[in-house]
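Student: Please find the sequence and the predicted model below.
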Amino acid sequence: MIGIRTCAMLRRIGPAGLLVLAMTATLPAGYAAPAGGSPSVVANPWAANVEMGFTNPTGDGSFDTHALLGASLERFVREGVSWRVATSMHSFGDPALQTPFRTLDDEDLFAINGNLLYHWTDTSVQPFVTGGVGYYEYRRPFAPDQADLGVDVGGGLDFVTAPRMAIKLEVLFHQTAAIVNDTFVTGSAGVKFRW
């Protein structure tokens, strides 16, 4: 019998958490070599990233950027192909009133995204494209929170600075089912570590 705490935990992690669990359980740790060869494992298959940048709501005709903080965990299933789980905080308040990432007229967005990525890894400047699904939770003072599912697509560049480290630049377009701030563009810069 599933306990009350387990049910509450499943409700709390929601669809995005279940997506992460499913991706972790179904994706292989490495990839097979061509027939006749021995199995091969991706060198340094894990990567972690921390980033900061901007969020810009679209559709209002202006470039009014707001703060973005994020982190992600990435798993390479073969060199050039990976999946990623990312979490981010976006602030949609008035930037003139911000006292780091909080405002008087504040709306914050917390997101969890699961993405597939394709990387071109031939040089030390490695472009990539990505797309995925996400769980977006809008938090407003004096109003109920609103949670919605959405999608994101985009791309970026990894500037490999050491065998296990890169500087990452990325731009994503997000579309959610929310009524307010339902489409927005993010731009971020971060540091990626592989192991």
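Tutor: In hand now; what should we look at?
Student: What segments of the protein are strands?
Tutor: With DSSP state E as the definition, the chain shows strands at residue ranges 46-57, 66-78, 81-91, 108-119, 125-139, 146-162, 165-176, 183-194.
Student: Would you format those as CSV with mean neighbour count and mean pLDDT included?
Tutor: To be clear about C-beta, it is placed using only N, CA and C from the backbone, and glycine gets the same treatment. Below are the strands of the chain laid out as CSV (neighbours: other C-beta atoms under 10 Å; pLDDT from 0 to 100):
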stretch, mean neighbour count, mean pLDDT
strand 46-57, 18, 94
strand 66-78, 19, 95
strand 81-91, 20, 94
strand 108-119, 20, 95
strand 125-139, 18, 95
strand 146-162, 16, 95
strand 165-176, 19, 96
strand 183-194, 18, 95
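Student: so how far is His90 from Asp60?
Tutor: Using C-beta to C-beta, to the nearest Å, Asp60 is found at 15 Å from His90.
Student: what bridges to Tyr135?
Tutor: Using DSSP bridges, the bridge partners assigned to Tyr135 are Ile112, Leu149.
Student: My read is that it contacts Leu149, right?
Tutor: Yes: between Tyr135 and Leu149 there is a contact under C-beta atoms under 8 Å: 6.2 Å.
Student: quick one: Val153 from Glu137, how far?
Tutor: As judged by C-beta to C-beta, Val153 and Glu137 stand 20 Å apart.
Student: oh, I was asking about Phe110
Tutor: 5 Å.
Student: Which residue would you name as the spatial centre of this protein?
Tutor: For the chain, Ala86 is the residue whose C-alpha lies nearest the centre (C-alpha atoms, centre = their mean; 3.3 Å).
Student: Skipping its backbone neighbours, what lies nearest it in space?
Tutor: Excluding the flanking residues, the one nearest Ala86 by C-beta to C-beta, 6 or more residues apart in numbering is Ser72, at 3.7 Å.
Student: Tyr138 now?
Tutor: In this structure, Tyr138 finds its nearest non-sequential neighbour in Gln146, 4.6 Å apart by C-beta to C-beta, 6+ apart.
Student: Could I get the contacting residues of that neighbour?
Tutor: Gln146 makes contact with 137-138, 140, 178-179, according to C-beta atoms under 8 Å, 6 or more residues apart in numbering.
Student: Tabulate the residues you listed in CSV, adding columns for distance to Glu79.
Tutor: Shown next, in CSV, are the contacts of Gln146 (distance: C-beta to C-beta, whole Å):
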residue, distance to Glu79
Glu137, 34
Tyr138, 38
Arg140, 43
Ala178, 37
Ile179, 42
